[in-house]
Structures are given as structure tokens and as C-alpha cells.
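*Asks:* here is my input, please return the structure:
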Amino acid sequence: MEDIDESFFYTFDSEEYNKLWAEVKNSEDPVLYKTCIITPRALITMVDHAIAGDRNEILGFCLGKATKNTILVNDVFSTTTLGTETNCYATTESYVQYFAVKESLELSGRQSANVSGWYHSHPDYGCWLSTTDVIAQNIMQATGPMVALVVDPIKTANTGKVFLGAFRNFPQSYISSQHNFGNSLIPSEKIKDYGASAGKYYQLAINYFLTDSDKLVLNDIIQHSWGEELAESPLIANSIFIAAQINDQAAKRINMLANNVMSGTDIETLKNIVRGINEDRRAGIMIQKMKSEVFG
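*Replies:* Residues are numbered from 1 along each chain as shown. Below you'll find the model as predicted:
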């Protein structure tokens, strides 16, 4: 968690924002924004919204501000937009909801943020931008310093680790030498869409911002929920998830072998993925053994 002056998060100067945007909107730096800072409130709201959507994609907007190299997400709000298992689009209704929330914030006197991006979910197929997402992000970036956040609620719920990615598009005139290949956690049926958008965007580092009040609340939650964590078995909770990963990796490699396209790099990638799956399994066994020794 990153410690910064919390007053910076809760003040917003529209003239300063417009001046910043005028300076950076024509920047020739393809990776101008390198970091996204998110508050726990924004993170929890996003994850809760995504988990509520289950296997269907959901969508919402981010509120915050930006510096010359960092985008801040102070809060988010969900929309009623509910997509399918493979797509989710920003509708006219979702934008109407955004402007209604923005107006309410201004009327309440809380003029501490502007729109700083959008978020949506990829249930069980990782954090990346599809072709549709890249198009949506191009529209967002034309209006200000914006970030696209992608959360995977299924992997988050199954592993207990937040699967969240922050992305921005390269300028449309920029030809990238980097490609976002190599993410073997993407299901086989999504590979084609994933490859179509690779090289059109880049990933930002994510840091989290905690106020003193946030720290007190999180410590209280930890103190009151540690018993539930001890009672859970990571082996049982993650068994379906791990099995699905193994089956998907097997399907990918069988397809590669059938088409004679498996390279030395693919084999090394497979080794790393299998090694990671095995480490998760071994960690679960060790935790379960320790619990058995302590609690019988």
C-alpha cells in the first residue's frame, strides 16, 4: 500500500485539470501514464459489483483525477448495464447514470473528482483488453486522462487474490514493438480476440492508497474475520479452479501439437504455468497440514 498525502485525493481543481489535459493530450510519449493508484473503497466496490454479475460482464465508471504520469481512482460507481458472458458495452443508459451521479456529487458539495476511467469484468478469462474494449478506451482517452480497469471476479473468488489490471491504449498512430502475448491463463476460446488487440495497449502498475481511517477499518475486519479464514480449506476452495486451469492448458497444447505450431518458447511457458499450478497446490497442502496440527 502506498502512503501519500490524502488531501490530494479529496481536492479537485477544474482549472488545474483542464490545464493538465491541455498539456498532455498531444503528448508524443506512448506510455505517458505509468501508474494507477486505487483506494480500497473503489477496489471493494468494483470487486463486489463484478462478483454480483457472476458469469456476465458488468460495467461501471471511475471517479478520480490525474497528475502528469499517474491516474488516481478515488471511487467508482456501478451502472445497471449487464452484458453477456463474452461482451459488455457502454450504453446510453449507463452514460445517463454517470452524469446523474456527477451532478449529485456537485450538488452535495463533494467536488473532489472527475471521471478518470471505466471498469468492467472478464469472468474467468483474465485481465486484458478485447478489440471492443480497445475501441471503447480510444473514445475515453479522447476526452481526458482515462484508465481502463478489468477485474476477473471468478479467479478473484477462487484464489483469494484480486485479479485486476489497469490499461491504456497506445496512440492510434503509434506502432508498438511490444505484444501482450504470453498470458496463458486466457481460456482457449478467447485467444483469437486476445491476439487481435495485442500490441494496441499497455499495462499500468497498480498501487493502493490507504487513509488512516481505511487502515483502522481494514485492521478491524482482519481481527474479526481471521477465524473464518482459518476454518476454510484452500484445497477444497481452489480444486475446481486448479482443475479448470489444467484442462485448459492441456487443450491449448493439444491444439498446438495438432497444428505443428508448438515452439521452444511455448514449452517453456507451459513449464512455468504447470510450475505455478503445482506451487498453488503445494501451498494449499502445507496450509492444511498446519491447520490440522494446530486444531487437530
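
*Asks:* drop to CA atoms for contacts and neighbour counts, all remaining ones
*Replies:* Fine.

*Asks:* ok but Trp118 is inside a strand, no?
*Replies:* Yes. Judged by DSSP: H, G, I helix; E, B strand; the rest coil, Trp118 forms part of a strand.

*Asks:* ok, now which ones touch it?
*Replies:* 59-62, 146-149 (C-alpha atoms under 8 Å, 6 or more residues apart in numbering).

*Asks:* farthest-separated two in the residues you listed?
*Replies:* For the contacts of Trp118, the maximum inter-member distance is 15.1 Å, found between Leu59 and Met146 (C-alpha to C-alpha).

*Asks:* just the ones of the contacts of Trp118 in strands?
*Replies:* Using DSSP state E, the subset of these located in strands is 59-62, 147-149.

*Asks:* can you redo these as CSV with distance to Glu28 and pLDDT?
*Replies:* As requested, those are arranged in CSV below (distance: C-alpha to C-alpha, whole Å; pLDDT from 0 to 100):
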residue, distance to Glu28, pLDDT
Leu59, 30, 91
Gly60, 29, 92
Phe61, 27, 91
Cys62, 25, 92
Val147, 18, 97
Ala148, 20, 97
Leu149, 23, 98
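
*Asks:* how is this structure carved up into domains?
*Replies:* Structural domains assigned to the chain are 6-213, 232-295, following automatic domain parsing.

*Asks:* hey, least reliable of those by pLDDT?
*Replies:* Lowest mean pLDDT of the domains of the chain: domain 232-295, a mean of 66.

*Asks:* what is the neighbour count of Thr80?
*Replies:* By the criterion of other C-alpha atoms under 10 Å, Thr80 has 12 neighbours.

*Asks:* state which strand of the chain is the longest.
*Replies:* Max-length strand for the chain by DSSP E is strand 70-82.

*Asks:* in that strand, what counts as buried?
*Replies:* For strand 70-82, the neighbour count (16 or more other C-alpha atoms under 10 Å) marks 70-79, 81-82 as buried.

*Asks:* same for that strand, what does it pack against?
*Replies:* For strand 70-82, the packing partners by 3 or more C-alpha pairs under 8 Å, 6 or more residues apart in numbering; DSSP states H and E come out as strand 35-38, helix 40-53, strand 58-66, helix 92-107, strand 114-121.

*Asks:* closest one to Phe167 among these?
*Replies:* If we rank the helices and strands packed on strand 70-82 by C-alpha to C-alpha, the stretch that ends up nearest is strand 35-38, at 9.0 Å.

*Asks:* tell me the helices and strands packed up against the closest one.
*Replies:* Using 3+ C-alpha pairs under 8 Å, 6+ apart: strand 35-38 touches strand 70-82, strand 201-208.
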